[in-house]
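Colleague: need a structure here:
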Amino acid sequence: MTEGFFFRAESFFNFASYIDAAAKESSYNPYYFYGGRSLHEQSHGESFLNLFKGRLSNRRPALYLLDEPEAALSPARQLALLRILHDHEMSGRSQFIIATHSPILLGYPGATLMSFDSGSIEPISYRETPHYIITKQFLNAPDNMLRELFKDE
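Modeller: Numbers count the residues shown, from 1 in each chain. Predicted structure coming up:
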């Protein structure tokens, strides 16, 4: 049997509330899978990362659809998520489809990147993605980019 999980940042609050309701109505502790306590009681980034750890913990064949999973994750936690994805992928029974703007997540080794920007779906290389280009330009010369951005003021 194939399993899966669809994650959308906008749905996180409702999911966390569902886990809280399940904890009140059940004799087992669902928090065990999500960092040991309510996702609402954790920091935003910590709760997102614990959600991924908990949901990606089974080893059955699965398809995971993640819509902007980086929404609450710092760069360090995005790297931690990459490690979670990698460890899970190594089982050979999972596939991930991820919509992201994160140049960190886009950098996943061996990922097939597809661009939806031109009205059609086209393959794109990592260094050709607008997210990589803009981030690289900013990190290489933040003063220049900010000066250009605010030149009318």
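Colleague: and Ser74, how close does it get to Ile104?
Modeller: Between Ser74 and Ile104 the computed distance is 10 Å (C-beta to C-beta, to the nearest Å). In this view, the C-beta of every residue, glycine as well, is placed from N, C-alpha and C.
Colleague: looking at those two, which is more packed in?
Modeller: Ranked by neighbour count (other C-beta atoms under 10 Å), Ser74 and Ile104 place Ile104 first, with 19 against 13.
Colleague: contacting residues around the more buried one?
Modeller: By C-beta atoms under 8 Å, 6 or more residues apart in numbering, Ile104 lies in contact with Glu70, Pro75, Gln78, Leu79, Leu82.
Colleague: tell me which element it is part of?
Modeller: Using DSSP states H and E, Ile104 sits within helix 103-106.
Colleague: what's the first helix or strand after that helix?
Modeller: Next helix or strand after helix 103-106 toward the C-terminus (DSSP H and E): strand 114-115.
Colleague: rounded mean pLDDT for that next one, please.
Modeller: In this model, strand 114-115 has a mean pLDDT of 96.
Colleague: ok, now stretch 15-25?
Modeller: 88.
Colleague: just the buried residues of it, please?
Modeller: By 16 or more other C-beta atoms under 10 Å, the buried positions in stretch 15-25 come out as Phe15, Ala16, Ile19, Asp20, Ala23.
Colleague: a markdown table for those, including distance to Gln42 and secondary structure?
Modeller: Listed next are these as a markdown table, based on distance: C-beta to C-beta, whole Å; DSSP: H, G, I helix; E, B strand; the rest coil:
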| residue | distance to Gln42 | secondary structure |
| --- | --- | --- |
| Phe15 | 13 | helix |
| Ala16 | 9 | helix |
| Ile19 | 12 | helix |
| Asp20 | 12 | helix |
| Ala23 | 14 | helix |
